[in-house]
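Student: Need a 3D model of the sequence below.
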Amino acid sequence: MTPIMIAALGLLMVGTAFLSGLFGMAGGLVLIGVLLALMPLPTAMVLHAITQMASNGWRAFLWRAHIRWRPVANYMAGAAVALAAWSLTRYVPDKPVALLLLGVTPFMARLLPANIKPDPDRLWQGTVYGTICMGLMLMTGVSGPLLDTFFLGGNFGRREKVATKAMCQLVSHFIKLIYFGGVIDQAATLDPVIAAVAIAASMLGTTLARRILEAMTDQQFVAWSMKLITTIACYYIAYGSWLLVRTPVLAAFDKGGLQ
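Tutor: Okay, here's the model as predicted:
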């Protein structure tokens with residue numbers, strides 16, 4: 001990558017880290033879509049993992065007093081199950097499939113019956129969500145949309161949601177880094193300069209968001225979170241669908257032109 005491209009990517013990472021620092025989500029969802037457009041999937045996953053580890057790790061440190069550790073432990077148990085299962089298959093999805101899954105995941109928790117409200121403090125729910133979210137992480141690069149909906153269903157204040165989810169995401173992205181950087185057959189490598197830019201940009205964006213999060217109310221946090229999740233998810237469904245049908249559509253046009 002040229003210096004200009006690295007600088008532009010750094011600015012994007014500051015912006016997406018700011019978004020994640022403000023709502024505890026959405027930034028990673030935006031970033032992985034851009035990286036998938038620019039890079040091979042394994043490389044995009046590794047860079048995204050490093051960026052999100054820095055962003056979530058710094059966010060967890062800034063809000064460490066508000067972390068709820070029981071949901072984190074429940075989530076980690078599920079994540080370990082998913083890593084063991086995926087390590088057996090070493091599955092790497094195509095880009096259209098990854099993008100479609102990115103778009104579908106926010107709506108998965110909303111399909112639950114109204115009488116089954118997500119509760120991050122319950123062991124079985126945390127473990128099940130941890131397994132599903134980690135599986136999605138290894139297929140799409142993110143699990144935030146589903147995890148966001150899970151934490152929005154709990155009895156958490158906005159600081160607790162951001163802090164606890166950041167800790168869960170730190171674990172998830174570390175596992176993703178191990179998987180795409182060493183477990184799969186086409187393991188990726190990464191330029192250390194780009195990695196350093198990613199870490200610095202993520203920490204800066206996260207820090208800038210802290211004061212605004214303090215000024216928000218819990219009601220504003222939930223309302224804007226749901227709107228962002230829905231908007232970004234719909235975009236990825238449309239984009240992934242287009243990539244899925246683009247090749248046969250273009251081939252059909254070419255065939256018609258030749259006739």
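Student: Longest helix in the chain, please.
Tutor: For the chain, the longest helix by residue count, based on DSSP state H, is helix 218-258.
Student: which secondary structure elements does the host helix or strand of Leu47 contact?
Tutor: For Leu47, the element it lies in under DSSP states H and E is helix 41-62. Here helix 41-62 touches helix 3-23, helix 27-38, helix 158-178, helix 192-215, going by 3 or more C-beta pairs under 8 Å, 6 or more residues apart in numbering; DSSP states H and E. C-betas here are computed from N, CA, C, even on glycine.
Student: report the angle between the axes of that helix and helix 3-23?
Tutor: The directions of helix 41-62 and helix 3-23 differ by 50 degrees, with axes from the mean of the first three to the mean of the last three C-alpha atoms, to 10 degrees as the criterion.
Student: Could you check the angle helix 41-62 makes with helix 158-178?
Tutor: Using the same axes, to 10 degrees: helix 41-62 against helix 158-178 is 150 degrees.
Student: Can I get helix 41-62 in PDB, CA atoms only?
Tutor: What follows is helix 41-62, C-alpha atoms only, in PDB (Å, rounded to 0.1, in the frame of the first residue of the first chain):
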ATOM      1  CA  LEU A  41     -10.200 -12.000   3.000                       C
ATOM      2  CA  PRO A  42      -7.600 -13.600   5.300                       C
ATOM      3  CA  THR A  43      -5.400 -10.400   5.200                       C
ATOM      4  CA  ALA A  44      -8.500  -8.200   5.900                       C
ATOM      5  CA  MET A  45      -9.400 -10.400   8.900                       C
ATOM      6  CA  VAL A  46      -6.000 -10.100  10.400                       C
ATOM      7  CA  LEU A  47      -5.800  -6.300  10.000                       C
ATOM      8  CA  HIS A  48      -9.300  -6.000  11.300                       C
ATOM      9  CA  ALA A  49      -8.400  -8.200  14.300                       C
ATOM     10  CA  ILE A  50      -5.400  -6.100  15.300                       C
ATOM     11  CA  THR A  51      -7.400  -2.800  14.800                       C
ATOM     12  CA  GLN A  52     -10.300  -4.100  16.900                       C
ATOM     13  CA  MET A  53      -8.100  -5.500  19.600                       C
ATOM     14  CA  ALA A  54      -6.600  -2.100  20.100                       C
ATOM     15  CA  SER A  55      -9.900  -0.300  20.000                       C
ATOM     16  CA  ASN A  56     -11.800  -2.700  22.300                       C
ATOM     17  CA  GLY A  57      -8.800  -3.200  24.600                       C
ATOM     18  CA  TRP A  58      -8.300   0.500  25.100                       C
ATOM     19  CA  ARG A  59     -12.100   1.000  25.500                       C
ATOM     20  CA  ALA A  60     -12.200  -1.800  28.100                       C
ATOM     21  CA  PHE A  61      -9.300  -0.200  30.000                       C
ATOM     22  CA  LEU A  62     -11.000   3.300  29.900                       C
END
